[in-house]
Each structure stands twice: as structure tokens, then as C-alpha cells.
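# quick one, structure for this:
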Amino acid sequence: MTTLQVRGINQPRLDVPANFRLIVTERHHRNGELVTVQRYQPTAPAIPYCEHVSLVWGSDGRLLSFNRFVRPTGIGLPSPSEAQVIAEATMLGLDALYAHGLHFMRVLPQARGVIIDGHQIEIPMRWVKFGHDNGSYNLVGVGAGGRVVECEREAFWDYARGRRATEEWNFDQWVLAREGRGAQPPAPEALA
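Residues are numbered from 1 along each chain as shown. As a prediction, this is how the structure comes out:
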């Protein structure tokens with residue numbers, strides 16, 4: 001495993017599998033900011049829905065989104081309270097100043113899917129959601145054995161449409177729709 005570094009600080013809860021390599025680096029807009037999107041996979045080219053790690057970096061080097069969609073281990077999920085502790089520590093480790101503006105909301109069950117060897121594999125997690133003083137929603141998905149599966153900050157909501165307002169460069173279904181190669185994901189996903 002390769003531990004991620006954010007602004008020069010190791011993030012022990014965020015890692016990329018050792019056999020993955022960077023295969024895509026793109027620039028896009030997210031919430032009006034020019035961001036860098038990176039995708040890691042075992043092999044190129046980028047294959048939608050396969051095992052991958054995606055990262056979205058702000059223009060100032062802050063990590064906006066981390067998604068680690070790989071085969072889950074057989075270890076069970078942490079309890080909701082354990083997941084909350086892991087989520088809070090993760091956000092604090094990423095950006096202590098920003099984390100002080102977070103307000104815990106709830107822990108929900110969540111699952112993501114990935115295709116491995118032609119089979120849909122579910123990645124279960126506890127989704128720890130926070131509000132922030134800036135009006136955004138923030139989350140940490142804590143999976144098997146307490147491993148962080150996903151983490152996102154500064155996701156805004158379009159209340160009029162009942163869906164996300166923030167672009168989802170970290171999710172294959174949304175990216176495919178944005179590129180005209182797939183259907184628009186249903187609410188609450190952002191309009192592509």
C-alpha cells in the first residue's frame with residue numbers, strides 16, 4: 001500500500017494499493033474551482049466500474065475527494081460509533097482548521113459497487129455525514145476493518161432540484177453521463 005500525502009502530511013487512513021498506478025490525470029471544474037482529478041488502477045486504460053482509486057485535488061492542494069473502490073476484505077464493519085471516531089480523525093488529519101467547522105449529522109449504511117472478474121461486488125460501509133459552517137455536506141465512508149473507502153468535503157446541495165449541486169468527477173456513472181456515454185444518474189446525484 002502507498003499512503004497518501006496531503007500537503008506534505010501522511011494520511012495513514014488513505015492509501016492506494018501497491019499494484020495500482022496512476023493512469024489518468026485531468027483538469028475539470030468543481031464548484032467553480034479548477035481541480036485535478038486522478039485515477040489509479042492496476043492497468044490502463046481507464047475502465048469504468050473496475051477496481052480503482054480516484055482523487056480530486058483542489059487548486060491549493062487540499063484533498064476534496066478520495067474513493068477507494070477495491071475488493072473488500074472479509075473483516076466486518078466497525079460499529080456506527082467507531083465509524084464516527086474514524087471519520088472525525090480522518091477529517092481532522094486532512095485539514096484541522098476545516099474540520100473545526102464540521103458538525104456531525106448521522107451515520108448511515110451505504111454500499112458502492114465495483115466489477116471484478118465480470119462480477120458485481122458490493123463494498124459495504126458506514127457513511128458518516130457532516131454539515132459544515134460553509135453550508136456544504138461532507139462525508140467519510142468507513143468500510144471493513146475501519147478502512148476509509150471514501151471521503152469528500154465541500155459537496156453542496158441543489159435544494160430546488162433535490163439533488164447534489166457539486167460535480168461528481170469521482171463517480172464513473174456521473175462521468176459517463178457527463179461525457180454523453182451513459183444515462184443521467186437519478187437524484188440525489190448531480191445533474192451531469
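# going forward, measure contacts and count neighbours with C-alpha atoms only.
Will do.
# give me phi/psi at the residue of the chain positioned farthest from its centre?
Taking Cα atoms, centre = their mean, the residue of the chain most remote from its mean C-alpha position is residue 160, at 24.4 Å. Dihedral pair for residue 160: phi -60, psi -40, per degrees, to the nearest 10.
# all helices of this structure, in order?
Under the criterion DSSP state H, the chain contains helices at 80-94, 96-99, 172-178.
# and the shortest one, what other elements does it pack with?
Read it as helix 96-99. Applying 3 or more Cα pairs under 8 Å, 6 or more residues apart in numbering; DSSP states H and E, one finds that helix 96-99 contacts helix 80-94.
# name the residues that touch the helix it packs on?
6, 11, 13, 62-63, 98-100, 107, 126, 128, 139-142, 146 (Cα atoms under 8 Å, 6 or more residues apart in numbering).
# restricted to strands, list those.
Cross-referencing these against strands under DSSP state E gives 6, 11, 13, 63, 107, 126, 128, 139, 140, 141, 142.
# buried members of the residues you listed into PyMOL, please.
Buried residues within the ones in strands among the contacts of helix 80-94, by 16 or more other Cα atoms under 10 Å, are selected in PyMOL with:
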select buried, resi 6+13+63+107+126+128+139+140+141+142
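# mind putting the ones in strands among the contacts of helix 80-94 into JSON lines with distance to residue 21 and pLDDT?
Shown next, in JSON lines, are those (distance: Cα to Cα, whole Å; pLDDT from 0 to 100):
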{"residue": "6", "distance to residue 21": "18", "pLDDT": "95"}
{"residue": "11", "distance to residue 21": "18", "pLDDT": "95"}
{"residue": "13", "distance to residue 21": "19", "pLDDT": "93"}
{"residue": "63", "distance to residue 21": "18", "pLDDT": "98"}
{"residue": "107", "distance to residue 21": "32", "pLDDT": "98"}
{"residue": "126", "distance to residue 21": "27", "pLDDT": "98"}
{"residue": "128", "distance to residue 21": "28", "pLDDT": "98"}
{"residue": "139", "distance to residue 21": "26", "pLDDT": "98"}
{"residue": "140", "distance to residue 21": "24", "pLDDT": "98"}
{"residue": "141", "distance to residue 21": "23", "pLDDT": "98"}
{"residue": "142", "distance to residue 21": "23", "pLDDT": "98"}
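# having no further points to raise, I will conclude here.
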